[in-house]
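this one's structure only:
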């Protein structure tokens, strides 16, 4: 008897089987252990030389695929790619994953997530930091990769206070120069970009003297170097993290979700400022990463958001790290 | 300047960069937060209708690829498949992941992991159960899929006591009939099989009256049905789990690690009792699962050990579930 015939015989492929389980449950069944209703903590540690890297999940958003989510491919093509990744019908899921690096002398947080959110889908960075045993006031340095809302809004609490009270905060010089320039803001021609400009003011106003600007090619902390990967935004930055003989890259948004844009590196996500430059950066980055077999933390990779990239005939493939129970 | 040239300029691809990070670290650097040294808890929850399914990581073993790990492919082919999955050079990693199902009235554990282990690489089920808020004495039913050591040895504590004191324990009738038969044991012609027989005696002796044998095709608990998937062992069993309109399968060992044996479903893992039957079962199972887009929990899938299977030109591909921070 085949597997399918066994399932059919029990009505398991036709939906009629649901009745079996339901009927067998006593009406007044008392749970031995209550349903938990909550997920496991969303953090994942990687030992990198003498450093400890912790990926922190800020949650994810699942939403109907916008018509123009991929600006240079049809909605049908994008929906097919989403379906290939078993995303919910007609929808896509975009996760958000900041990275914490403990160098042994500094606690460095790269990006801050979406910030406080009433619906709980995002803004989970702080709960996951706590689960990982780290208090926001222990963070020494917050490094911003670029100034989109899902990367900077966690800088402030719901009350508008700085969420990391003792941290130095640094942002890429060219990113600051672009977004904090009022002439650029006045020239913004679409709603999304106008909203981005407005959000930078909302979050960063009052922090002009506090936020230090860093240059590409410089170490922002011991072993952590800023690498120019522009296109997604004018000052979009990735990072190499090196300790001893070990290294990895924190790519930020070189690609948005890999299921669409790593598999199809020539597709342009709606959020790209300069899509052609972002595409060029993407190819350079992943050509290097695939040849070097570089471990990459991807802000929009599915949690635990780290993996290797393999070149395929038509694009690239993400090979997620195997969860390791020990460091 | 390309990404690669930036990395080269900093010596990041030549290994010389390690010095940068090391040199910048003050000799007497004091950590703001100490290195944790520990991984996040290894459990993952899936809401399935009214049920809560919790995958529990028992750890993983990484070891040099044995010459005959794949009995009908060359060691080179197997090593290439492992390298394609970015496993450590010359080695493979095999994870172990039992499944807990809370039906609302019963706490059902399918398989028990490797049991107590001095090295901590495996036997982590109990720590992860605790992290998930469940005590072993709360388990109502332990369902054994087959009687290999990595599935039954968690039945006993290091002191030899039953690890789940209040649970009913059930095992597949044909599995019990094969392994507990002394004539079969006497006929065992290879060391591995002899060790398997010896281990069943070590773990199960004294439990002959306590362990109930279940038949294929029957519900073992409300909504949980035993499906015959023989080959890996004579009584190897998988399970459908149905609640409301939701269903998934707990496959047990229909495949060993997907990186080798799901991609190459005609490869025979050394642990298979009847490799040809296991191969036939594998094709039937994944042909069904790919057509039905069935969610599958795989004992040897990388944690969180659940995903979908897609048919490819040469085999099957695992698409892991996207980690969801909410249920």
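Structure received. Worth saying up front: this structure is predicted, and the values here are computed from it rather than measured. Numbering: from 1, shown residues only, chains lettered A, B, ... in the order given.

for chain A, what's the longest helix?
For chain A, the longest helix by residue count, based on DSSP state H, is helix A:275-292.

Show me what that one packs onto, helices and strands only.
For helix A:275-292, the packing partners by 3 or more C-beta pairs under 8 Å, 6 or more residues apart in numbering or on different chains; DSSP states H and E come out as strand A:306-311, helix B:3-9. Placement of C-beta: from N, CA and C, glycine included.

and the stretch 201-327 of chain A, which residues reach chain B?
A:216-217, A:219, A:222-225, A:227-229, A:238, A:240, A:242-245, A:247, A:281, A:284-285, A:287-288, A:292-293, A:302-304, A:307-308, A:310, A:319-327 (C-beta under 8 Å from any C-beta of the partner chain).

can you do 7 Å?
Residues of the stretch 201-327 of chain A lying near chain B by C-beta under 7 Å from any C-beta of the partner chain: A:217, A:219, A:222-223, A:225, A:227-229, A:240, A:242-245, A:247, A:284-285, A:288, A:292, A:302-303, A:308, A:319-320, A:322-327.

filter those to the buried ones?
Neighbour counting over these (16 or more other C-beta atoms under 10 Å in any protein chain shown) leaves A:219, A:222-223, A:225, A:227-229, A:240, A:242-243, A:247, A:284-285, A:288, A:292, A:302-303, A:308, A:320, A:322-325 as the buried ones.

where does the stretch 1-150 of chain A dip in pLDDT?
A:14-32 (pLDDT under 70).

What segments of it are helices?
Ranges of helices in the stretch 1-150 of chain A, per DSSP state H, counting those that start in this stretch, are A:3-9, A:18-24, A:75-84, A:125-131, A:149-152.

Out of those helices, which gets nearest to chain B?
helix A:18-24 (2.6 Å; C-beta to the nearest C-beta).

Which of the helices and strands packed on helix A:275-292 sits closest to residue B:95?
Nearest of the helices and strands packed on helix A:275-292 to residue B:95, taken as C-beta to C-beta: strand A:306-311 at 15.9 Å.

Buried ones in the closest one, by neighbour count?
A:306, A:307, A:308, A:309, A:310.

picking that back up, now, which of the residues of the stretch 201-327 of chain A next to chain B lie within strands?
Mapping these onto strands (DSSP state E) picks out A:219, A:225, A:227, A:228, A:240, A:242, A:243, A:247, A:308, A:319, A:320.

Residue A:108: which of these is nearest?
Among these, and counting by C-beta to C-beta, the member closest to residue A:108 is residue A:219, at 11.1 Å.

Quick check: pLDDT value at that closest one.
Note for residue A:219: predicted pLDDT of 97.

again with residue A:202
97.

what's around it, how many residues?
Residue A:202: 13 surrounding residues under other C-beta atoms under 10 Å in any protein chain shown.

what's the helix or strand for it?
According to DSSP states H and E, residue A:202 maps onto helix A:191-204.

now for the helix or strand following that helix, which elements pack on it?
Downstream of helix A:191-204, the first helix or strand assigned by DSSP H and E is strand A:211-214. Strand A:211-214 is packed against strand A:168-172, helix A:173-179, with contacts defined by 3 or more C-beta pairs under 7 Å, 6 or more residues apart in numbering or on different chains; DSSP states H and E.

Just checking: what are the partner strands of strand A:211-214?
When pairing is defined by DSSP bridges, strand A:211-214 lines up against strand A:168-172 (parallel).

average model confidence for the strand it pairs with?
Here the average pLDDT along strand A:168-172 is 98.

That one: how far from the chain's middle?
In terms of C-alpha atoms, centre = their mean, to the nearest Å, the centre of strand A:168-172 is found 19 Å from the chain centre.

who touches that strand?
Contacting residues not belonging to strand A:168-172 are listed as A:140-144, A:146-147, A:155, A:207, A:210-214, A:216, A:220, A:226, A:235, A:237 [C-beta atoms under 7 Å, 6 or more residues apart in numbering or on different chains].

Of all the residues in the stretch 201-327 of chain A, which one is nearest chain B?
For the stretch 201-327 of chain A, C-beta to the nearest C-beta, closest residue to chain B: residue A:223, 2.6 Å.

from memory that residue sits against residue A:239, does it?
No. Using C-beta atoms under 7 Å, residue A:223 is not in contact with residue A:239, being 9.9 Å away.

Let me know the pLDDT of the residue of the stretch 201-327 of chain A closest to chain B.
Predicted confidence (pLDDT) at residue A:223: the value is 97.

Tell me which residues touch the nearest residue in space to residue A:40 that is not next to it in sequence, please.
Nearest residue to residue A:40, sequence neighbours excluded (C-beta to C-beta, 6 or more residues apart in numbering or on different chains): residue B:43, at 5.0 Å. By C-beta under 7 Å, 6+ apart, the contact set of residue B:43 is A:40, B:54, B:55, B:56, B:57, B:128, B:131, B:132.

bridging residues for residue B:43?
On the basis of DSSP bridges, residue B:43 is bridged to residue B:56.

still on that earlier bit, and the angle from the helix holding residue A:202 to strand A:168-172?
Following axes from the mean of the first three to the mean of the last three C-alpha atoms, to 10 degrees, one obtains 150 degrees for the angle between helix A:191-204 and strand A:168-172.

Now for the nearest residue to residue A:134 once chain neighbours are set aside, how many residues are close by?
Leaving aside its sequence neighbours, residue A:134 sits nearest to residue B:33 (C-beta to C-beta, 6+ apart; 5.7 Å). Using other C-beta under 10 Å, residue B:33 has 18 neighbouring residues.

my guess is residue B:33 contacts residue A:105, does it?
No. Taking C-beta under 7 Å as the definition, residue B:33 is not a contact partner of residue A:105, at 10.5 Å.

so what sits against both of these two?
Common neighbours of residue B:33 and residue A:105 (C-beta under 7 Å, 6+ apart) do not exist.

ok, back up a step: which stretch among the helices and strands packed on strand A:211-214 comes nearest residue A:81?
Comparing these under C-beta to C-beta, the one sitting nearest is helix A:173-179, at 29.1 Å.

Following element in sequence after the longest helix of chain A, please.
Per DSSP H and E, the helix or strand that comes after helix A:275-292 is strand A:295-298.

Tell me the helices and strands packed up against that next one.
strand A:246-252, strand A:306-311.
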